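Peer 1: Need coordinates for the below:
(one chain, ligands or ions: 1)
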Amino acid sequence: MRATAKAHTNIALIKYWGKRNEELILPTNNSLSVTLDGFYTETTVHFKEHFEQDKFILNNETISGVMYERVTKYLDLFREHANKKNLYAEVISMNKVPTAAGFASSASGFAALAAATAKALELNLSKQDLSRFTRQGSGSACRSVYGGFVEWEKGEANDGSDSFAIQIAPQDHWDIRIAAVVLTAKEKDVSSRVGMKRTVDTSVFYDGWLESLPADLHAIKEGIKARDFEKVGSIAEANCLKMHATTLGANPPFTYWQDNTMTVMQAVQELRKENVPAYFTIDAGPNVKVLYLPEDEEKVLEKLHATEEVSDVIVSKVGEGISYV
Ligand code: 2P0
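Peer 2: So this is what the prediction gives:
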């Protein structure tokens, strides 16, 4: 009763920003992401008959407290499904996600955990079922079940049965690059979970955000299909700016940006003035990710490295979905 799975993280081009059900993690809107090959989590789950509680080891460190509780509560979902309520596991996880890069390690983390747990319990889940389970660990994680370009369908059902990810285009459909620009950043003081709830509950801009999404989704899917980089990049950048605008309309208002976030955004816009198609996107943190085409890599990296307060740039290609080791 042991299995190992590997999952890559993903970056949303159309953002998930708000829940309609917090317990089941059901979103208010569809989102769309690209899976990244540069960042992943590898997790081994070993169920042991004699264990009296779960054990969680992350990057060679035994974890307790809130993070442990979240993992063990998540394993309960699988135990219940498998009808093995008193079977506990040792979970050993290695995160190849530099935490400072602001790439949500929860996406690759919960995707790898879900896949390894389901396999260890011999649940034989379809990818769709696996995506549904993964969603309940962390919303964005359900998109990491697949490689390439992935959409998370928000669904309508109250029980979450129709809320899961689907692949829009496979990994080899389109070779684009994503640079994670690591800034000399401070700890963020509003987590994404808290930030999205505050925005849904109080932001005067939230309705406008939701109204604008179907058009963004429709257009970006056309762009991906046609490999139209300027279309996809410009929609992704605008969608990111709209998501961040909702935080300014919340009560109390907040922002994830720092002054150096703006500096990198401006560097990307300057690249476009120099006829290099590059676009940025930003998640619930200060770091910026830059989308560009392989032929422009040298120019993009030169510009980013020359930008003040950039401490590192980590390049990813489009990545694959869950695999078993
Ligand atoms: C996304 N983010 O689509 C958006 C964009 C942050 C900004 O998904 O509460 O860790 O576990 O469902 O998935 C970050 O939120 O939140 C996120 P939970 P998650 O990637």
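Peer 1: Pull up the pairing partners for the helix or strand harbouring residue 91, direction included.
Peer 2: Assigned by DSSP states H and E, residue 91 belongs to strand 88-96. Sheet pairing for strand 88-96, assigned by DSSP bridges, gives strand 31-48 (antiparallel), strand 55-58 (parallel).
Peer 1: I'd like the average pLDDT over it.
Peer 2: Per-residue pLDDT values across strand 88-96 average out to 96.
Peer 1: From the chain's centroid, how far away is it?
Peer 2: 19 Å (Cα atoms, centre = their mean, to the nearest Å).
Peer 1: Can you pull out the residues in contact with it?
Peer 2: 39-48, 51-59, 71, 75, 105, 108-109, 112-113, 116-117, 120 (Cβ atoms under 8 Å, 6 or more residues apart in numbering). The C-beta positions use only the backbone N, C-alpha and C, and glycine is treated the same way.
Peer 1: on that earlier part again, let me have the strands paired with strand 88-96 in a markdown table, extended by mean pLDDT, distance to the ligand and mean neighbour count.
Peer 2: What follows is those, written out as a markdown table (pLDDT from 0 to 100; distance: least, Cβ to the nearest ligand atom, whole Å; neighbours: other Cβ atoms under 10 Å):
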| stretch | mean pLDDT | distance to the ligand | mean neighbour count |
| --- | --- | --- | --- |
| strand 31-48 | 97 | 5 | 24 |
| strand 55-58 | 97 | 16 | 18 |
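Peer 1: Including distance to residue 133, could these go into TSV?
Peer 2: Output for these, formatted as TSV (distance: least, Cβ to Cβ, whole Å):
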stretch	distance to residue 133
strand 31-48	13
strand 55-58	18
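Peer 1: wait, what's in contact with the closest residue to the ligand within the stretch 51-200 of the chain?
Peer 2: Residue of the stretch 51-200 of the chain nearest the ligand, by Cβ to the nearest ligand atom: residue 139 (2.8 Å). Applying Cβ under 8 Å, 6+ apart to residue 139 gives the contacts 16, 19, 25, 27, 152.
Peer 1: what do you get if the cut-off is 6 Å, keeping everything else the same?
Peer 2: 16, 25, 27 (Cβ atoms under 6 Å, 6 or more residues apart in numbering).
Peer 1: From these, which land in helices?
Peer 2: Using DSSP state H, no member of these falls in helices.
Peer 1: Quick check: which of the residues you listed are also close to the ligand?
Peer 2: 16, 25 (Cβ under 6 Å from any ligand atom).
Peer 1: one step back: report the inter-axis angle for whichever helix or strand comes after the strand holding residue 91 versus strand 88-96.
Peer 2: Next helix or strand after strand 88-96 toward the C-terminus (DSSP H and E): helix 105-120. Here the directions of helix 105-120 and strand 88-96 differ by 140 degrees (axes from the mean of the first three to the mean of the last three Cα atoms, to 10 degrees).
Peer 1: which residues are contacting the very next helix or strand once past helix 105-120?
Peer 2: Later in the chain than helix 105-120, the nearest helix or strand by DSSP H and E is helix 127-135. The contact list for helix 127-135 (Cβ under 6 Å, 6+ apart) reads 25, 110, 111, 114, 141, 142, 145, 164, 165.
Peer 1: if you set the cut-off to 8 Å instead, what comes out?
Peer 2: Residues from elsewhere that reach helix 127-135 (Cβ under 8 Å, 6+ apart): 25, 77-78, 110-111, 114-115, 118, 125, 141-146, 152, 160-161, 163-166, 321-322.
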